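Student: no sequence for this one, just the structure:
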């Protein structure tokens, strides 16, 4: 009983009531046309329900009035889209038939039960109840006042129960099909992957720029050489400009869904990363074997970010140390290796999100990446497939 009364104060209960009464308006128009055939709306609902757009109209209306808290959500339990299969069309027909039945019950209850309550109140004052309403045959008297609230309570209970029944039926008959659920799941997965990719882009690009800026500023502060300070400021400026360009590209993806990924940097532009690391004091030895311009776009872009994060880790944790970079383009694989001597005392601290991002980038392309100490060095070794990307 407490749950029943708690549901009576919910706005959704009365919006569901309105949803149940809407078909009654159509039925009442038909009764004026042909009062001897009240069953005709049920027959007429069959061809109407087979129209693909009818499922869209019913779904939008059901979301708006039956489950307003889920309106417009991608994971809504009531679908708002046209019928694409015959199974969905027949489910719409079954929904319309059930909705008409519930509307008939709700309409009669809405008219007859309040009228019965009024008739009982009149009977408590000595007026004989009318035979038209449910109170017909009850003798007038003071006891009619005790019965008067009963029809109202029955009406409220029917409003709640019919609303719950209509909502449950709408989720069954108008709910997304397995194919629609799979499509929504794939779309949600793509959105999560895109958000994850953007987070890695921001981490790698901005993290690299800030690391270079911190290293350059620290070196310029301790050097006491005006020429070196000028070169450090120029390197900081160049790195900052590149980071702003990367940030604009990432924000462009956030603002627009159709932004091409071709604007993202590739391994063909790796020289600016290497020069940035050299400008920070690191001695970078590069070995390249194979045509970088023939590497597929997705592999080249992810390889650039792996190289960027690897150099950032060197500058952040080891400082200005010798770095060995090897890029090998083979027939089926791209191999990328960055190695540096292990520092005696690590500089800074990190939570490992950059190394995890390197492994995630490699795994998304079907490759693999290993990071960690190796023969007295810290090494990042990534292997990315080329043939399956082509």
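Tutor: Here it is on my side, so go on. Quick caveat: nothing in here was measured; it's all calculated off a predicted structure.
Student: for residue 375, see how far away residue 336 is.
Tutor: Here residue 336 is placed at a distance of 18 Å from residue 375 (Cβ to Cβ, to the nearest Å). Any C-beta I mention is one placed from the backbone N, CA and C, and that applies to glycine too.
Student: who's more crowded, those two?
Tutor: When residue 336 and residue 375 are compared for neighbours, residue 336 comes out ahead with 28 against 7, by other Cβ atoms under 10 Å.
Student: chain neighbours aside, what residue packs nearest to that one?
Tutor: residue 382 (4.6 Å; Cβ to Cβ, 6 or more residues apart in numbering).
Student: per-residue confidence for the nearest residue to residue 156 once chain neighbours are set aside?
Tutor: Spatially, and ignoring its direct neighbours in sequence, residue 156 is nearest to residue 8 (6.0 Å; Cβ to Cβ, 6+ apart). Residue 8 is assigned a pLDDT of 71 by the prediction.
Student: likewise for residue 330?
Tutor: Per-residue confidence at residue 330 stands at 85 (pLDDT).
Student: same check on the one 4 residues further on?
Tutor: Per-residue confidence at residue 334 stands at 92 (pLDDT).
Student: and if you look at residue 170?
Tutor: pLDDT, residue 170: 90.
Student: just the strands in the protein please.
Tutor: Here the chain has its strands, by DSSP state E, at 283-289, 322-329, 333-341, 368-374, 377-385.
Student: quick one: contacts for the closest residue to residue 94 other than its chain neighbours?
Tutor: Of all residues not flanking residue 94 in the chain, residue 173 sits nearest, at 5.4 Å (Cβ to Cβ, 6+ apart). Contacts for residue 173 (Cβ atoms under 8 Å, 6 or more residues apart in numbering) come out as 91, 92, 94, 95, 98.
Student: okay, now residue 59: neighbour count?
Tutor: For residue 59, the neighbour count with other Cβ under 10 Å is 23.
Student: for the residue of the chain positioned farthest from its centre, which non-adjacent residue is spatially closest?
Tutor: Computed with Cα atoms, centre = their mean, the residue of the chain farthest from its C-alpha average is residue 126, at 64.1 Å. Leaving aside its chain neighbours, residue 126 sits nearest to residue 140 (5.1 Å; criterion: Cβ to Cβ, 6+ apart).
Student: touching, that neighbour and residue 124? I think so.
Tutor: Yes - the pair residue 140 / residue 124 is scored as a contact, 7.3 Å apart, by Cβ atoms under 8 Å.
Student: returning to what we had before: mark which of the contacts of residue 173 are buried, thanks.
Tutor: 91, 92, 95, 98 (16 or more other Cβ atoms under 10 Å).
Student: what is the nearest of these to residue 17?
Tutor: residue 98 (16.3 Å; Cβ to Cβ).
Student: quick revisit: reformat the strands of the chain as a markdown table; add distance to residue 120.
Tutor: As requested, the strands of the chain are arranged in a markdown table below (distance: least, Cβ to Cβ, whole Å):
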| stretch | distance to residue 120 |
| --- | --- |
| strand 283-289 | 94 |
| strand 322-329 | 91 |
| strand 333-341 | 86 |
| strand 368-374 | 80 |
| strand 377-385 | 81 |
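Student: for those, which one sits closest to residue 40?
Tutor: In terms of Cβ to Cβ, the element of the strands of the chain nearest to residue 40 is strand 377-385, at 65.4 Å.
Student: how far away is the residue nearest to residue 156 from residue 362?
Tutor: 58 Å.
Student: ok, the two, which is more surrounded?
Tutor: Neighbour comparison, residue 8 and residue 362: the larger count goes to residue 362, with 22 against 13 (by other Cβ under 10 Å).
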